[in-house]
Each structure stands twice: as structure tokens, then as C-alpha cells.
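Novice: next comes the sequence, and after it the predicted model I'd like to discuss.
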Amino acid sequence: MTGDSFIVPPLSWSKIESNVLRWRGVLGLQNEPYFPIMKVMEKVLANKLSAFELIIVEKKEMGSAEGYTDPSGKAIYLREDVYRRAWEGEHRDRFTAAHELGHWDMHTNLQLARVQPEQNIPIFKQSEPQANQFASELLMPASFFSAEDTPETVMQRHGVGYQAAVNRLSYLQRKGRLFPQKNKDLRISPQTSIFPAGQRASW
């Protein structure tokens with residue numbers, strides 16, 4: 001996908017959240033606050049499962065576009081600098097990668113019509129807001145949040161940027177989903193597992 005938004009089948013934010021939680025469960029990452037987006041995209045989905053081809057494109061070729069998902073679902077393209085920085089853990093680029101994964105998961109093999117400026121299309125029927133919500137849910141699950149959280153704690157815990165952290169806190173506050181934190185020790189898993197218990201990745 002590009003920066004333009006397209007009209008897509010409606011999805012509620014709660015349905016996107018449920019979908020993302022299934023993703024985390026299948027990957028054995030439901031208790032891990034820091035989602036290893038590039039390991040999942042490249043080593044698991046692209047290399048191990050051949051779910052799609054991850055293609056790295058030179059900056060001069062992609063220009064201002066940071067990522068693109070083939071509407072057929074056959075490939076996800078990341079600009080070379082975005083790809084490199086996402087592997088290095090840069091916040092914005094991790095979100096970009098998760099955003100493109102959202103397009104792949106939700107928006108492949110669809111008849112797409114670009115949203116026109118004069119149209120008043122609800123955000124739950126637009127591809128870009130849906131992909132942003134997917135990325136937010138994937139990188140920052142609500143279960144890790146508490147009323148004591150600040151943008152800084154969210155950034156550190158989930159590896160996201162300041163604006164993404166602010167937006168997520170604001171969303172969860174509006175939904176009444178920020179509660180006092182009872183036990184900090186239960187909120188962070190000591191290990192990152194990409195597969196369910198008993199299985200190991202052969203990276």
C-alpha cells in the first residue's frame with residue numbers, strides 16, 4: 001500500500017485487536033511486551049513459512065514511500081533505510097513494518113478504490129487507519145498498560161515512538177481501559193518466544 005487510503009471492508013478496532021491477539025498467541029508472544037516485528041516478518045513469515053516475499057528496495061527507487069504491500073499479498077516492500085533501522089530497533093521504522101504487515105493481513109486480494117478528498121468515509125472503512133490500528137495493537141497490547149503509564153514508559157516497554165505512545169494512551173483512556181497496576185513483575189516476560197512452548201526456531 002502507499003500513503004493513500006483505500007476503501008476496504010469495515011473492521012471495528014475491537015475486531016482488529018482480537019485478530020492481533022490471535023497472531024501473538026500463535027507466535028507464542030502473548031506475554032511479551034516488545035514485539036520482534038522484523039524477526040516475525042523476515043525470519044518466520046517470509047523465510048520459514050514463505051507467506052510472502054520481503055523485498056528491500058533502494059531509497060532512490062522508492063523515494064518518499066517507506067513501505068508498500070502488494071495487493072495480491074505476494075510481497076511486502078520496505079525501503080532499504082527503513083528495513084535497516086527497523087532491524088536496529090528504531091521506533092518509527094518498527095511501526096512502519098508492523099503497518100505493512102497489517103496491510104498484508106487485512107487488505108490482500110480485495111477490490112480497492114482510493115478515497116477521494118470529497119468523500120467522507122469512516123475510518124473503520126479506510127485501509128490506512130486500519131493498518132495503523134493493527135500496528136498499534138500488535139506493538140502495544142492493552143494488557144500491558146496501566147493507569148500509571150506515561151509516554152516514556154510505553155516507549156521503553158514496547159519500542160515505539162513518542163507520538164505512537166501518546167496516541168495509544170489516549171485511545172485506551174477514552175475506552176476506559178487504563179487501570180491501576182497491581183503487580184509490575186507480572187507485566188513483563190523474561191524471554192521472547194516466537195513459537196509455542198516445546199518448539200524452537202532454527203534461525
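Specialist: Cool, got the structure. All figures in this text were calculated on a predicted structure; none of them were measured in a lab.
Novice: what's next to stretch 164-172, contact-wise?
Specialist: By Cβ atoms under 8 Å, 6 or more residues apart in numbering, the residues outside stretch 164-172 that reach it are 91, 95, 136, 139-140, 142, 145, 149-152, 154-155, 158, 160, 178. In this view, the C-beta of every residue, glycine as well, is placed from N, C-alpha and C.
Novice: switch the cut-off to 7 Å
Specialist: 95, 136, 140, 142, 145, 149, 151, 154-155, 178 (Cβ atoms under 7 Å, 6 or more residues apart in numbering).
Novice: which one of the residues you listed is nearest to Leu45?
Specialist: Nearest to Leu45, judged by Cβ to Cβ, of those is Phe95 at 17.4 Å.
Novice: show me the contacts for that closest one.
Specialist: So Phe95 contacts 135, 139, 160-161, 164 (Cβ under 7 Å, 6+ apart).
Novice: again, but for Arg79
Specialist: 57, 59, 62, 65-67.
Novice: buried subset of these, written for PyMOL?
Specialist: Remark: buried members of the contacts of Arg79, expressed as a PyMOL selection using 16 or more other Cβ atoms under 10 Å:
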select buried, resi 57+62+65+66+67
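Novice: distance to Ala113 added to the contacts of Arg79, as CSV?
Specialist: Shown next, in CSV, are the contacts of Arg79 (distance: Cβ to Cβ, whole Å):
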residue, distance to Ala113
Val57, 26
Lys59, 30
Met62, 24
Ala65, 20
Glu66, 23
Gly67, 21
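Novice: so which of the contacts of Arg79 are in strands?
Specialist: With strands taken from DSSP state E, the overlap with these comprises 57, 67.
Novice: looking at the contacts of Arg79, which is nearest Val44?
Specialist: For the contacts of Arg79, the nearest to Val44 is Gly67 (18.1 Å; Cβ to Cβ).
Novice: now do that closest one against Glu100, distance only.
Specialist: 4 Å (Cβ to Cβ, to the nearest Å).
Novice: pull the contacting residues for the residue of the chain positioned farthest from its centre.
Specialist: Centroid-distance maximum for the chain: Glu118 at 28.9 Å, with Cα atoms, centre = their mean. By Cβ under 7 Å, 6+ apart, no residues touch Glu118.
Novice: secondary structure class for it?
Specialist: What DSSP: H, G, I helix; E, B strand; the rest coil gives for Glu118 is coil.
Novice: how far away is the residue nearest to Ala75 when sequence neighbours are not counted from Ala86?
Specialist: Excluding the flanking residues, the one nearest Ala75 by Cβ to Cβ, 6 or more residues apart in numbering is Glu53, at 4.4 Å. As defined by Cβ to Cβ, Glu53 lies at a distance of 17 Å from Ala86.
Novice: tell me how many other residues crowd Gln119.
Specialist: 10 (other Cβ atoms under 10 Å).
Novice: against Leu112, how distant is it?
Specialist: 14 Å.
Novice: picking that back up, would you turn the contacts of Phe95 into CSV with neighbour count?
Specialist: As requested, the contacts of Phe95 are exported to CSV (neighbours: other Cβ atoms under 10 Å):
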residue, neighbour count
Ala135, 26
Leu139, 25
Val160, 26
Gly161, 17
Ala164, 24
